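>>> I'd like to go over a predicted model; first the sequence, then the structure.
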Amino acid sequence: MRRASPPGTRPPAAPVHAARRGAPCQGDGGQLFDPWVCLGAPATATSRITLGTASTVLPLRHPVHVAKAAASVDLLSGGRMLLRLAVGDRPGEVPAFDPAAADPAGRLAESWAYLRHLTGGAVTTGHSSSLGELPPGIGMVPGPAFGRLPLLMTGRGGRTVEWIAEHADGWLHSALPPEIQRANTARWRRLTGEPGSPGFKPYAQAGYLVLDENPRAAPRPLPQGWEPLLDLFKTYEAGGVDQLMLNLRLNSRPAQDVMAELAAHLLPHFPTPGQPPARLHI
């Protein structure tokens, strides 16, 4: 964690993936630790790196509990929390959470409204839904560090892109070939606005990365070298991607070595806010 956020630097976002239950039939155990306990470690071990969930499966959790946990992380970390939400992609785990089993996509929308009510700033009106009742004037303590917690959609969540553009503060999509990604971001920009415009909302992309020891190895499903990878990332940046989330779990090389190469050869081409002139965050 400290390698990802060395003293005296302000690295781009490197969210902590923390939200899934173990599901051996999926080929991996997902997030093995409780996500909110896990987020406490980077919150105290770092001071600048962005924290967040890759996806909190909202239909499987009560929105009041999610709001309380996320706002606590946000406040304790000085406002570094990004809450990404999803409907879930592991149907085998849904029956363990019986109240959510009937209609996860419908429950996501209802839970989203409840969560936004609790994390959207000063609460003056009540909120009523099948998930609970909040009388007027009743809110949540503590609130987010800066008054409003960013909520981003991961995937589609069973909703339309128009719904996501209206209700979410950003959209995280799986990795796409550049030509498909450009069409996706163009649609997103039409709905939310271009960078610098009042309605702008970021578009993020996530995927696995295995860094080949040969720096000139061409990008392919896995692995790939950092030199052609820089060209690929620049293509994504030009196509409208604002943030890349890289999962290094499949690397056979030590993660610290991979991170060191990325920091030395790729990150300088994507400076952080306040430094000229790139816009993509990795």
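Received, thanks.
>>> mind checking which helix or strand Tyr114 is in?
Remark: Tyr114 resides in helix 104-119, with elements defined by DSSP states H and E.
>>> what is the subsequent helix or strand relative to the helix or strand hosting Glu166?
Taking DSSP H and E as the definition, Glu166 sits inside helix 161-167. Using DSSP H and E, the helix or strand that follows helix 161-167 in sequence is strand 171-174.
>>> can you list the helices and strands that the next helix or strand after that next one packs against?
As assigned by DSSP H and E, the chain's next helix or strand after strand 171-174 is helix 178-192. Counting contacts by 3 or more C-beta pairs under 8 Å, 6 or more residues apart in numbering; DSSP states H and E, helix 178-192 packs against helix 161-167, strand 171-174, strand 203-208, helix 226-238. Using the backbone N, CA and C atoms, a C-beta is placed for each residue, glycine as well.
>>> compare those and say which comes out lowest on pLDDT.
For the helices and strands packed on helix 178-192, the weakest mean pLDDT is recorded on helix 226-238, namely a mean of 83.
>>> distance of Gly106 from Tyr236?
Gly106 sits 33 Å away from Tyr236, going by C-beta to C-beta, to the nearest Å.
>>> you'd agree Gly170 is up against Gln205?
No: counting by C-beta atoms under 8 Å, Gly170 sits too far from Gln205 to count as a contact (11.4 Å).
>>> please enumerate the strands of the protein.
Assigned by DSSP state E, the chain shows strands spanning 51-57, 81-86, 127-129, 132-134, 151-154, 171-174, 203-208, 243-247.
>>> tell me which of the ones you listed sits nearest to Phe97.
Closest approach to Phe97 among the strands of the chain (C-beta to C-beta): strand 51-57, 8.8 Å.
>>> now that closest one against strand 243-247, angle please.
80 degrees (axes from the mean of the first three to the mean of the last three C-alpha atoms, to 10 degrees).
>>> which other helices and strands does strand 51-57 contact?
Secondary-structure packing of strand 51-57 (3+ C-beta pairs under 8 Å, 6+ apart): helix 35-45, helix 63-76, strand 81-86.
>>> which of the ones you listed sits closest to Leu229?
Closest approach to Leu229 among these is made by strand 81-86 (23.8 Å; C-beta to C-beta).
>>> contacts for the closest one?
Strand 81-86 is contacted by residues 13, 15, 19, 39, 50-58, 66, 70-71, 73-74, 108, 112, 115, 119, 144-145, 149-155, 157, 172 when judged by C-beta atoms under 8 Å, 6 or more residues apart in numbering.
>>> can you check stretch 210-224 too?
Against stretch 210-224 from outside (C-beta under 8 Å, 6+ apart): 208-209, 225-229, 231-232, 248, 250-253, 258, 261-262, 265.
>>> got a ChimeraX select line for the buried ones in these?
Buried residues within the contacts of stretch 210-224, by 16 or more other C-beta atoms under 10 Å, are selected in ChimeraX with:
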select :209,225,226,228,229,251,258,261,262,265
